[in-house]
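In: what follows is a predicted protein model with its sequence.
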Amino acid sequence: MSNSQASKNALSHGLYTNDVVLDWENQQEFDGLYQALRDEYCPHGFSEEAAVFDLADLHWKKRRLNVGSQLGIHKQAEAGAMATASRDGWKGVADYLATRDSDGMADAIRSAAKSQAKAAQQVCDMLCKHMERICKPDEARAESKQSETVEFERLTALAKELNLISKDLVIPILHAIEDYNLDQRVAEQAYRPDIMERELKIHAEIDRRIEKAIKRLVGIKEYKKFYCAKSIEAKPIE
């Protein structure tokens, strides 16, 4: 049976392949997959056809998952450079990744952010000490308390300035760096265990559903055999 016939066959059983295949995906490839499964499991009747169609749907989603995980890598600008570097094996890839980050810009900005955070913490500590001295009752002269109050106001203004620098400059730059590194290192993420684990869990769930669909198909076939046999035995002998 041809691929076009397979598609028509699906329609004749009320199973619409356009509910599975996206507009930009290859309809003929799905039709071929569906027909291959029909040839393997030889469905008879709507229930068996539906079970086989579900199998085709699940296998198609598994293929889509594989394609999707690669699209995220191939769309990046560095994918071509990584492919070129890989001609020299893993050493070439490692050398490429090492030289690509040689400017150290990201590390310099992170270091500056740490220094800014440290300065802000020091100012806050100084504010706390001045507040304690100002609030102590009659333990110092009025002139001393007045100078402490002026210093406290100056430190408060400095703390506000540091907070604005952190909020409006440092934090946005750090976010930009992390986003940049995420994009630039997407090829590396293809080998990260935590990302692979998430993808494998999805594959395992699809495989579980495939196994469930096969068991359903086998159960339908066995039920029909048993039911048909009982029906034949129940007929009176003429």
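Out: Perfect, thanks for sending it.

In: helices of this protein, start to end?
Out: 3-12, 27-41, 46-74, 79-85, 89-100, 105-135, 142-165, 171-184, 186-189, 193-234 (DSSP state H).

In: and these, which one averages the lowest pLDDT?
Out: The minimum mean pLDDT among the helices of the chain belongs to helix 3-12 (a mean of 52).

In: outline the domain layout of the chain.
Out: What automatic domain parsing lists as the domains of the chain is 3-75+192-234, 104-189.

In: I'd like to know how many residues surround Leu71.
Out: 9 (other CB atoms under 10 Å). Every residue, glycine included, has its C-beta placed from N, CA and C.

In: actually Glu153, not the one I wrote
Out: Counted with other CB under 10 Å, Glu153 comes out at 11.

In: now it: how far from Met131?
Out: 12 Å (CB to CB, to the nearest Å).

In: now do Thr84
Out: 61 Å.

In: and what of Gln70?
Out: 58 Å.

In: what of Lys91?
Out: Lys91 is 59 Å from Met131, by CB to CB.

In: these two: who's more crowded?
Out: Met131 (13 against 10).

In: hang on, Trp60 packs against Val20?
Out: Yes: using CB atoms under 8 Å, Trp60 is in contact with Val20, at 5.9 Å.

In: residues in contact with both of these two, list them for me.
Out: Phe30 (CB atoms under 8 Å, 6 or more residues apart in numbering).

In: so what touches stretch 197-208?
Out: Residues contacting stretch 197-208 (CB under 8 Å, 6+ apart): 58, 61-62, 65, 69.

In: just the buried residues out of these, in PyMOL syntax.
Out: In PyMOL syntax, the buried subset of the contacts of stretch 197-208 is picked out as below (16 or more other CB atoms under 10 Å):
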select buried, resi 58
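
In: dump the residue contacts of Gln121.
Out: So Gln121 contacts nothing (CB under 8 Å, 6+ apart).

In: any idea how far it is from Ser86?
Out: On the measure of CB to CB, Gln121 and Ser86 end up 45 Å apart.

In: same question for Pro172.
Out: 35 Å.

In: and the two? Which one has more around it.
Out: More crowded of Pro172 and Ser86, by other CB under 10 Å: Ser86, with 14 against 11.

In: identify the residues contacting that one.
Out: Contacts of Ser86 (CB under 8 Å, 6+ apart): 92-93.

In: hmm, try it at 6 Å
Out: Contacts for Ser86 (CB atoms under 6 Å, 6 or more residues apart in numbering) come out as Val93.
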